[in-house]
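Enquirer: generate a structure from the sequence data that follows.
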Amino acid sequence: MELNRIETLLEKYFQGETSVLEEKELKNYFSSLDVAQHLEQYKPLFGYFSEAKDQEFKQTIPLQAKKRNVRWLSIAASVVVLLGISTFTYLHEPQETNDLGTYESPEAAFEATQKALSMLSQNVNVGIESVSYINEFQNSKELIFKTK
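Expert: All right, here's what the predicted structure looks like:
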């Protein structure tokens, strides 16, 4: 009867469904000398708990954590920031700004505007010529398919 109970408790133990009292019962059974032969393989598992109970931690724990010198760290960080800013301002050269589109005399501005508008007109005329080919294609298509 006891052997069946132990086997049932083992199954419950491996499924994680045992209570503290049932685990204590398993520990007591496996720490005794009369363990069934087919259950001998579980003896080291439950024997470990009784051995672990006797272990002690003997190292000392430092109560104060090591303090980092925050003052030196903040001073170093501010020096790095100042070096970065000073390097940027020293190496940053103001770029020349070209005043594009401004003329000293109204006549020169008028001539430049005329030149720009004539170039624009030429490009628009090229575009209009290519549209005439599309109109010719449309007329030919209407003649062939007689859609009108």
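
Enquirer: what stretches of this protein score poorly on pLDDT?
Expert: Counting by pLDDT under 70, the low-confidence segments of the chain come to 1, 49-51, 65-67, 94-101, 147-148.

Enquirer: for it, longest helix please?
Expert: In the chain, taking DSSP state H as the definition, the longest helix is helix 106-145.

Enquirer: and that one, how far out from the chain middle?
Expert: The gap between where helix 106-145 is centred and where its chain is centred comes out at 53 Å by CA atoms, centre = their mean, to the nearest Å.

Enquirer: same deal with stretch 78-89?
Expert: For stretch 78-89, the gap between its own C-alpha mean and the chain's C-alpha mean amounts to 30 Å (CA atoms, centre = their mean).

Enquirer: count the residues that sit near residue 132.
Expert: 9 (other CB atoms under 10 Å). C-betas here are computed from N, CA, C, even on glycine.

Enquirer: mind listing what it touches?
Expert: By CB atoms under 8 Å, 6 or more residues apart in numbering, the contact list for residue 132 is empty.

Enquirer: from residue 138, how far off is it?
Expert: For residue 132, the distance to residue 138 under the criterion CB to CB, to the nearest Å works out to 11 Å.

Enquirer: how would you label the residue sitting nearest the centre point of the chain: helix, strand or coil?
Expert: The central residue of the chain, meaning the one whose C-alpha is nearest the mean C-alpha position (CA atoms, centre = their mean), is residue 77 at 26.9 Å. Three-state call for residue 77 (DSSP: H, G, I helix; E, B strand; the rest coil): helix.
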